[in-house]
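*Asks:* Starting from these lines, generate the structure:
(chains A and B)
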Amino acid sequence: MLRFTLFFIVFLMIQGCTTFKTGGIQNPKFDANSTKHYALPSKDLPVIIQYYKNFNMDSDAEITESEAVILESISAAINNNNIKFIDDYATLPDEYIHIYVIQDLQDDSREAENNGIRTISTILNILSLMVIPAVDVDIEDYVKISHIKNDTVRKSQVYTQKNRRYFSILFIPFAPFFTIDNSLNESIHTSISEYFKDEV
Amino acid sequence: MKFKYLLTLIIVTLTGCSSIYHNTDKNTHFSNKAIVLLETKGGGISGKEGLKIRAINGRIPKDDLSTSKVEFKPAKYIIEFSSYKTRSYMGEFLTGMSMIGPIFDINEIGINPSKIKESIFTLDLKGGHIYLVSFSYDENDEVIITIEEV
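*Replies:* As a prediction, the model looks like this:
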């Protein structure tokens, strides 16, 4: 048993620091608010962005640029000069694409979805008396894209991407450093591609 | 020595986690569950403050629910929120709680949480929707909760 535990400790230390996807992007096929028959919106429409994250950290190098990342990744996916956060609009246009980016950043000791492996990293914390400050959390990105015309939702889809962030300070120099913002960028890009997949 | 390691392993395994499922499970489809995300502010330097679900339909949940995300079956609920504050990591270190605090959530003890202006909400939670719970403070330092349906 001790060997088994030590094997996991070594395994977790070697991982270093990175954020990686767990599973592909999910489109739950939920569009209850949409009208039944819709055409894909034009990418030339104004784009309104909203952003929410459930953990507003006062200091974390990995997520300080989240808003800039969101703007940049949406601008890269939709070639349009009229992409702004909702606060930058004095009045909403009649027709627009609404993109709500939601990040579920786990900050408490809630159960993990990785077959409980986060518990092992907590043990690593304790056994090393916090010398190895391992962190292992699940992160979920939700991207809801809606086409709205005259206050009616024409097409609305939610895409979800699960990520996992692992951090163990010992092996940072050898780690493939892929931040939470990097994974958010990928989630947004993939979601928009999926939404406009059938665009002619 | 072996026994000590095993004991630590067992304690952590049994007590480390709070649940994100109120009356759903991990196999419930997104369209059949409502996700409530709870805001937390702060971090390692200043300590954290946030919201948690104190009671659902007048009852305190049996499970220790997560302070960041809770999933519900679609229905109407009366949800009571409470606020909490935790010490900073530096404070935890000085009080010797850095190791055991995160596991047993005892770092919440001893800090008076802020008063909430309106803590009980009747929410009609719909499947496939996400409910974003945020908070701010008014001029009397009372917590104002806002809930947005997405």
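
*Asks:* Least confident secondary structure element in chain A?
*Replies:* helix A:117-127 (a mean of 60; mean pLDDT, DSSP states H and E).

*Asks:* any chance you could map the strands in chain A?
*Replies:* Here chain A has its strands, by DSSP state E, at A:17-21, A:47-53, A:55-57, A:83-85, A:95-105, A:135-149, A:152-167.

*Asks:* Mind putting those strands into JSON lines with distance to residue B:61?
*Replies:* (Each C-beta comes from the backbone N, C-alpha and C, glycine too.) Below are these laid out as JSON lines (distance: least, CB to CB, whole Å):
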{"stretch": "strand A:17-21", "distance to residue B:61": "31"}
{"stretch": "strand A:47-53", "distance to residue B:61": "24"}
{"stretch": "strand A:55-57", "distance to residue B:61": "22"}
{"stretch": "strand A:83-85", "distance to residue B:61": "36"}
{"stretch": "strand A:95-105", "distance to residue B:61": "20"}
{"stretch": "strand A:135-149", "distance to residue B:61": "21"}
{"stretch": "strand A:152-167", "distance to residue B:61": "25"}
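
*Asks:* quick one: low-confidence parts of the chain?
*Replies:* Since no chain was named, I'll use chain A. When residues are selected by pLDDT under 70, those of chain A lie in A:8-18, A:20-21, A:23-24, A:28-38, A:58-64, A:112-135, A:167-176, A:198-200.

*Asks:* Please refer instead to chain B.
*Replies:* B:1-17, B:43-46, B:87-112.

*Asks:* which residue ranges form the helices in chain B?
*Replies:* B:2-15, B:89-94, B:101-104 (DSSP state H).

*Asks:* what's around residue B:72, how many residues?
*Replies:* 22 (other CB atoms under 10 Å in any protein chain shown).

*Asks:* do you know how far it is from chain A?
*Replies:* 15 Å (CB to the nearest CB, to the nearest Å).

*Asks:* wait, that residue sits on residue B:25?
*Replies:* No: taking contacts as CB atoms under 8 Å, residue B:72 lies outside contact range of residue B:25: 12.0 Å.

*Asks:* List of residues touching the longest helix anywhere in chain A?
*Replies:* Longest helix in chain A, counting residues (DSSP H): helix A:180-195. With CB atoms under 8 Å, 6 or more residues apart in numbering or on different chains as the test, helix A:180-195 has contacts from A:19-21, A:25, A:27, A:62-63, A:65-66, A:69-70, A:72-74, A:76-78, A:99, A:101, A:103, A:105, A:139, A:141, A:143, A:145, A:157, A:159, A:161, A:163, A:165.

*Asks:* again, only this time at 6 Å
*Replies:* Helix A:180-195 has contacts (CB atoms under 6 Å, 6 or more residues apart in numbering or on different chains) with A:19, A:25, A:27, A:62-63, A:65-66, A:69, A:73, A:77, A:141, A:143, A:145, A:157, A:159, A:161, A:163.
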